[in-house]
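Trainee: Quick check, what structure comes out for this input:
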Amino acid sequence: MTSSFSPRGLATLAVAALPLAPLAQAIAATSDETDDGSHQTLNPLVVTATLAPRTADESLASVTVLDEATLRRQDPTSLTDLLRGQPGVDVTSNGSFGKTSSVYIRGTSNSQSLLMIDGIRLRSATAGGASWQYLEPRLFERAEVVRGPRGSLYGADALGGVIQLFTPEGEAGAPTPRVSLGGGSFESQRYSASLSGAEGGTRYYVAGSRFETEGQPVRRDGDDKGFDNTSGLVRLSHAFDNGAELGVLALRGRGSTEYDGGEMDFTQQVAGLYGELPVTEAWRSRLTLSESRDELDNHAEATQWAPANTSVIDTRTRTLRWENHVGVGAHELVAGAEYSEDRVSGSNAYAETRRDNTAIFAQGVLDFSPLAVQASLRFDDNEAFGEEVTGSLALGYDLDAHHTLRASVGTAFKAPSFNDLYWPGSGNPDLHAETSETVEVGVRGQYRQFFWDLAAYQTDLDDMIAWAPQPSGLWTPMNIDQARIRGAELSAGAELDDWTLAAALTYLDPENRETGKRLQRRASQSLRLDVDRELGDWSLGGSWVVQNHRYDDADNQDRLGGFGLVNLRAGWDFAPGWSTRLTVENAFDKEVETARDYINAGRAAFLSLHFGG
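Mentor: Okay, here's the model as predicted:
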């Protein structure tokens, strides 16, 4: 395969970004005179990148924050609609509305990137990746997308990066109710309600949501495939006078989705209990006990090759994590330990149904202004695939008050799934973990009303797991593949008067080193633009996502065409506490195919009424 990526191409992208600097300086000259609150939006605090609150420019990472205002403006029916085209992020799906979806961060697979909800890992231990399609967007108020390896902080599966979703906390004051209802294309309906508040050190947030749709065909000339999801959330915490805090979280989603050939009943759940204690003025210690579940009941219809059947796969992960933060002047040290256990059950007779993992980790976040240093190290001991050591080192240098240069190197690994290790008749219990090493350089311009960020990276993956034929005739997973992923990302955002602007440009060269072919189902070029305007009681906005072609097969013979999507939105605050929103996804009714023979929904309009926000 002839790759369009080259050092010259990377240099061209870097040079193209240079005009942003004088433009940003001009904006900074005026915007620094006043603070209208946009600085916090454009340079928000993030916790996923370093485990400690740092502004985006201080994190020394490529990070995108999708805040509450963004989620409410776009009001997506699926989280994947929100993530598609964000810097370094690609999405594929086998249709719309609850159909199997995969999220690729920097060209890594769905199982090579980590999903967390309020610090709790959520994934299928059998398939290896997260089921993004079953998460209800309205239960979350914020998302942090950290690109680049984070194995030294979170352990397995954080090769490409980490996406963490945050649920709301109760706000100080009297109980605040919120209600939303709406409907639209494909006989879709959604209802949600919540109650939140805080008093005497106690915060609470309780919410429920229901979404259902008749859906649309997932294949050309097929039948409509429906989806329904009922979700609930409870979050409660209490802060004591001595600074200690206790909290509990429970989130559960349950429903069903129809696919071409059957129906799937699903349950996704996370639950956690934490306690945080100020040991000294400079030392805080936090202990978290959590559990996540991914449960599927598959009802397959009869075909000419097989009779109708029902299969059950349930996975559960329990984790105990101890984390300590110690402040030493301008520096912060983080150290801790983690124990987790995966269990699977169901209709498949796996040779092993449990495995545990024990880990210790440490990190230093050091500030020698204008130089910043972040170093971390983690040791994992897994009874299924052995020991792994991961580490990272990041350096940052403030060129001036607005520009930060950064460079980093980090390692990570992906744990073999239960299907890889123990699938009946063909699993390979001798598999090693997939490993990676990533080098990244970047520069960020940060101003009060504007920012831009440019990053380039290379990731080398070894011992990639691929299914290969054996002399017996069976196919078995083996550590045989290698990959090199090169890429560059340019992102920018601004808040000017009543305008909110965001842009992301991604260039990717994901190559299988064994064949020289592009890794399948990855687009190599992506552009996303988000534009919103406040007009008094009205708001108008839109998103434009453009991606080039991808290949559905490893040999790069089955080409899937690129596409351009336009999503439109409007809002009206017609009375105190009351508003209505209209969204039109895929406004020009383009056909989108990211997996062969599976098509996404066409134009879809949705009108909703909201009370309380």
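Trainee: quick one: the strands in the stretch 51-200 of the chain?
Mentor: 54-55, 62-66, 89-93, 101-105, 113-117, 120-121, 142-147, 161-166, 173-184, 188-199 (DSSP state E, counting those that start in this stretch).
Trainee: In contact with the spatially most central residue of the chain, which residues?
Mentor: Residue closest to the average C-alpha location in the chain (C-alpha atoms, centre = their mean): residue 163, at 3.0 Å. Each residue near residue 163 by C-beta atoms under 8 Å, 6 or more residues apart in numbering is listed here: 83, 103, 105, 113, 114, 115, 116, 143, 144, 145, 146. From N, CA and C alone the C-beta is placed, and that goes for glycine too.
Trainee: where's the fourth one relative to residue 149, distance?
Mentor: Between residue 113 and residue 149 the distance, using C-beta to C-beta, to the nearest Å, works out to 10 Å.
Trainee: Looking at the two, which one has more neighbours?
Mentor: Taking other C-beta atoms under 10 Å, residue 113 and residue 149 do not tie; residue 149 has more neighbours (31 against 28).
Trainee: unless I'm mixing things up, that one is touching residue 438, no?
Mentor: Yes. In this structure, residue 149 is within contact of residue 438 by C-beta atoms under 8 Å, at 5.0 Å.
Trainee: so what sits against both of the two?
Mentor: 410, 411, 412, 459.
Trainee: Out of these, which sit inside strands?
Mentor: Under the assignment DSSP state E, those contribute 410, 411, 412, 459 to strands.
Trainee: out of those residues, who has the most neighbours?
Mentor: Busiest of these [other C-beta under 10 Å] is residue 412, holding 34 neighbours.
Trainee: Spatially nearest residue to it, not counting backbone neighbours?
Mentor: In this structure, residue 412 finds its nearest non-sequential neighbour in residue 151, 3.1 Å apart by C-beta to C-beta, 6 or more residues apart in numbering.
Trainee: hang on, the one you found packs against residue 159?
Mentor: Yes. Counting by C-beta under 8 Å, residue 151 touches residue 159, with 7.1 Å between them.
Trainee: Can you check which residues contact both of those two?
Mentor: Taking C-beta under 8 Å, 6+ apart as the contact rule, the neighbours common to residue 151 and residue 159 are 412, 413.
Trainee: In JSON lines, list the shared contacts of residue 149 and residue 438 along with pLDDT and distance to residue 54.
Mentor: Converted to JSON lines, those look like this (pLDDT from 0 to 100; distance: C-beta to C-beta, whole Å):
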{"residue": "410", "pLDDT": "98", "distance to residue 54": "17"}
{"residue": "411", "pLDDT": "98", "distance to residue 54": "22"}
{"residue": "412", "pLDDT": "97", "distance to residue 54": "20"}
{"residue": "459", "pLDDT": "98", "distance to residue 54": "23"}
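Trainee: can you give me the helices for the stretch 351-500 of the chain?
Mentor: Ranges of helices within the stretch 351-500 of the chain are 418-422, based on DSSP state H, counting those that start in this stretch.
Trainee: What of the stretch 151-300 of the chain?
Mentor: Counting by DSSP H, counting those that start in this stretch, the helices of the stretch 151-300 of the chain are 151-154.
Trainee: in it, what spans have low per-residue confidence?
Mentor: Nowhere does the stretch 151-300 of the chain drop to pLDDT under 70.
Trainee: and if we set it to 90?
Mentor: 170-174, 200, 221 (pLDDT under 90).
Trainee: For residue 143, see how far away residue 328 is.
Mentor: Distance of residue 328 to residue 143, given as C-beta to C-beta: 31 Å.
Trainee: swap that for residue 392, please
Mentor: In terms of C-beta to C-beta, residue 392 sits 22 Å off from residue 143.
Trainee: Same check on residue 269?
Mentor: Residue 269 is 19 Å from residue 143, by C-beta to C-beta.
Trainee: about what we covered before: which one of the contacts of residue 163 sits closest to residue 507?
Mentor: Taking C-beta to C-beta as the measure, residue 507 sits nearest to residue 105 out of the contacts of residue 163, at 14.7 Å.
Trainee: and the closest residue to the closest one other than its chain neighbours, how many residues sit next to it?
Mentor: Closest residue to residue 105 apart from its sequence neighbours, by C-beta to C-beta, 6+ apart: residue 160 at 3.5 Å. The number of residues packed near residue 160 is 32, by other C-beta under 10 Å.
Trainee: In contact with residue 160, which residues?
Mentor: Contacts of residue 160 by C-beta under 8 Å, 6+ apart are 104, 105, 106, 107, 108, 109, 112, 113, 147, 148, 149, 459.
Trainee: With respect to residue 565, which of these is nearest?
Mentor: Nearest member of the contacts of residue 160 to residue 565, counting by C-beta to C-beta, is residue 104, at 17.0 Å.
Trainee: what's the neighbour count on the closest residue to the closest one other than its chain neighbours?
Mentor: Sequence neighbours aside, residue 90 is the residue nearest to residue 104 in space, at 4.3 Å (criterion: C-beta to C-beta, 6+ apart). When neighbours are defined as other C-beta under 10 Å, residue 90 has 25 of them.
Trainee: So residue 90 versus residue 249, what's the distance?
Mentor: Taken as C-beta to C-beta, the span from residue 90 to residue 249 is 30 Å.
Trainee: ok so, going back, looking at residue 328 and residue 143, which has the bigger crowd around it?
Mentor: residue 143 (22 against 11).
Trainee: Look up the closest residue to that one, ignoring the ones flanking it.
Mentor: Nearest residue to residue 143 in three dimensions, chain neighbours excluded: residue 66, at 4.3 Å (C-beta to C-beta, 6+ apart).
Trainee: Could you give the number of residues near the one you found?
Mentor: 21.
Trainee: ok, it touching residue 84?
Mentor: No. Residue 66 lies out of contact with residue 84 (C-beta under 8 Å); the separation is 12.0 Å.
Trainee: how deep is the closest residue to residue 119 other than its chain neighbours tucked in, by neighbour count?
Mentor: Nearest residue to residue 119, sequence neighbours excluded (C-beta to C-beta, 6+ apart): residue 288, at 6.6 Å. Using other C-beta under 10 Å, residue 288 has 21 other residues around it.
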